[in-house]
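In: have a look at this prediction, sequence included:
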Amino acid sequence: MEAVRQAEAVTVASLIAAVEQGRSGALWRLEGADRQLDANLVRHLPGTGGAAYTEDEVDVMLVVVAGGGTLTLDGTPSPLAPGFLGLLPRGTSRSLLAGSEGLLVLTVHRKRRAMSIGRTAPAAEPEPCALHLVCGWCHRHAIEADARYCTGCGTALASRPAA
């Protein structure tokens, strides 16, 4: 049997009223594991903001609900005021700076992939091991990549391992 999904609704006024003065951060966020979107209502205190960063995974829709400040997108500043609606494309550098009244923004974007723990694939194929180029007798390293005998003592070197 399929689970019944409920619409999630709140009022911005009730969220602001429920939050103590001087608190910043996410006042509200979408919940539920099977959703396709993420949304956050975030309060920035006056004069606060973050260093520029680049979001590589998702486009972000930004709506200014209250207050003001500055959005800097790829080095270009834009003033923020209530009613501002902007798309912050993935791959762009962005930063927010709250003005003297603080800043209350709603961000909406496609849900990011879940974080996973595991090994990552190497960026490039690793160099083949050169252990076969070290003489087992005198421990001298051969100069040529295709050497078959040690140039110091003449001992036969191990054969190159298969790739």
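Out: Now that the structure is in, tell me what you want to look at.
In: so which bits of stretch 90-100 are buried?
Out: Residues of stretch 90-100 classed as buried by neighbour count (16 or more other C-beta atoms under 10 Å): 92, 94, 96-99. (Each C-beta comes from the backbone N, C-alpha and C, glycine too.)
In: where does this structure dip in pLDDT?
Out: Applying pLDDT under 70 to the chain flags residues 1-8, 17-22, 113-133, 138, 142-143, 145, 151-152, 160-163.
In: show me the strands in it, by range?
Out: Per DSSP state E, the chain carries strands over the ranges 25-29, 37-44, 53-54, 60-73, 76-80, 85-88, 93-110.
In: got CSV for these, with distance to residue 141 too?
Out: Formatted as CSV, these follow (distance: least, C-beta to C-beta, whole Å):
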stretch, distance to residue 141
strand 25-29, 57
strand 37-44, 54
strand 53-54, 43
strand 60-73, 53
strand 76-80, 54
strand 85-88, 53
strand 93-110, 46
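In: and of the ones you listed, who's closest to residue 134?
Out: Minimum separation from residue 134 across the strands of the chain (C-beta to C-beta) falls at strand 53-54, 44.0 Å.
In: contacts for the closest one?
Out: 91-95 (C-beta atoms under 8 Å, 6 or more residues apart in numbering).
In: report the two of these separated the most.
Out: Across those, the longest distance by C-beta to C-beta is 15.0 Å; it joins 91 and 95.
In: which residue is nearest the centroid of the chain?
Out: For the chain, residue 55 is the residue whose C-alpha lies nearest the centre (C-alpha atoms, centre = their mean; 6.0 Å).
In: how far away is that residue from residue 81?
Out: Relative to residue 81, residue 55 is positioned 23 Å away (C-beta to C-beta, to the nearest Å).
In: ok, now residue 47?
Out: In terms of C-beta to C-beta, residue 47 sits 17 Å off from residue 81.
In: and if you look at residue 42?
Out: Counting by C-beta to C-beta, the gap from residue 42 to residue 81 is 16 Å.
In: same check, this time on residue 150
Out: Taken as C-beta to C-beta, the span from residue 150 to residue 81 is 76 Å.
In: what do you get for residue 74?
Out: 21 Å.
In: likewise for residue 147?
Out: Separation of residue 147 from residue 81 (C-beta to C-beta) stands at 72 Å.
In: of the two, who's got more company?
Out: Comparing residue 147 with residue 81 by neighbour count (other C-beta atoms under 10 Å), the higher total belongs to residue 147, at 15 against 12.
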